[in-house]
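Trainee: next comes the sequence, and after it the predicted model I'd like to discuss.
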Amino acid sequence: MEHHSIENEKVNSRTEDSVELEFLIPAECDFFDGHFPEFKLLPAVAQVQIVTRFASEYFNVPCTVSRAKRFKFLSPVLPDTQVILTLSVNKEKKSVSFSLAKKDGGCFSTGSYFYADAEMNKN
């Protein structure tokens, strides 16, 4: 799986069903390529991909969004931004909630989504 130059995340806290990660989204990350060359920012679809990637890595859930419950994109994520990603999973409901926050306070995006079992996606 491609990681788009987002590596070496630091785990600030972790429980069985939640994790708080801190990491840098570097300017050389290919998510920024071609997205407003004069004012680079992290596209919403890239934020969703980051969330599903880390949810899959930390909770062993599929990297799929079968239904978005709510996504709010509140502030642009610029190159070389340090972020705090908080994830919570509810495996009974097959849902993940997230918050992508600024290290110094405030929020970039929040939301929750439902994932489908891998078995359901094979058809």
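Mentor: Received the coordinates, thanks. The model shown is predicted, which means the values in this text are computed figures rather than measured ones. Residues are numbered from 1 along each chain as shown.

Trainee: so which helix or strand of the chain has the lowest pLDDT on average?
Mentor: Ranked by mean pLDDT, DSSP states H and E, the weakest helix or strand in the chain is strand 67-73, scoring a mean of 93.

Trainee: what's that one in contact with?
Mentor: With contact meaning Cβ atoms under 8 Å, 6 or more residues apart in numbering, strand 67-73 is reached by Ala44, Gln47, Val48, Ser95, Phe108, Ser109, Thr110, Gly111, Ser112, Tyr113, Phe114. All C-beta spots, glycine's among them, are computed from the backbone N, C-alpha and C.

Trainee: mark which of these are buried, thanks.
Mentor: Buried members of the contacts of strand 67-73, scored by 16 or more other Cβ atoms under 10 Å, are Gln47, Val48, Ser95, Phe108, Ser109, Thr110, Gly111, Ser112, Tyr113.

Trainee: pLDDT (mean, whole number) over whatever helix or strand the last one lives in?
Mentor: Following DSSP states H and E, the helix or strand that holds Tyr113 is strand 107-114. In this model, strand 107-114 has an average pLDDT of 97.

Trainee: hmm, back to that, pick out the most distant pair among the contacts of strand 67-73.
Mentor: Across the contacts of strand 67-73, the longest distance by Cβ to Cβ is 21.7 Å; it joins Phe108 and Phe114.

Trainee: name the residues of the lengthiest strand in the chain that come out as buried.
Mentor: Longest strand in the chain, counting residues (DSSP state E): strand 81-90. Neighbour-count burial for strand 81-90, with 16+ other Cβ under 10 Å as criterion, is recorded at Thr81, Val83, Ile84, Leu85, Thr86, Leu87, Ser88, Val89.

Trainee: any idea which of the buried ones among the contacts of strand 67-73 is closest to Ser75?
Mentor: In terms of Cβ to Cβ, no member of these lies closer to Ser75 than Phe108, at 5.1 Å.

Trainee: ok so, going back, quick check: buried residues in the least confident helix or strand of the chain?
Mentor: For strand 67-73, a neighbour-count test (16+ other Cβ under 10 Å) marks Phe71, Phe73 as buried.
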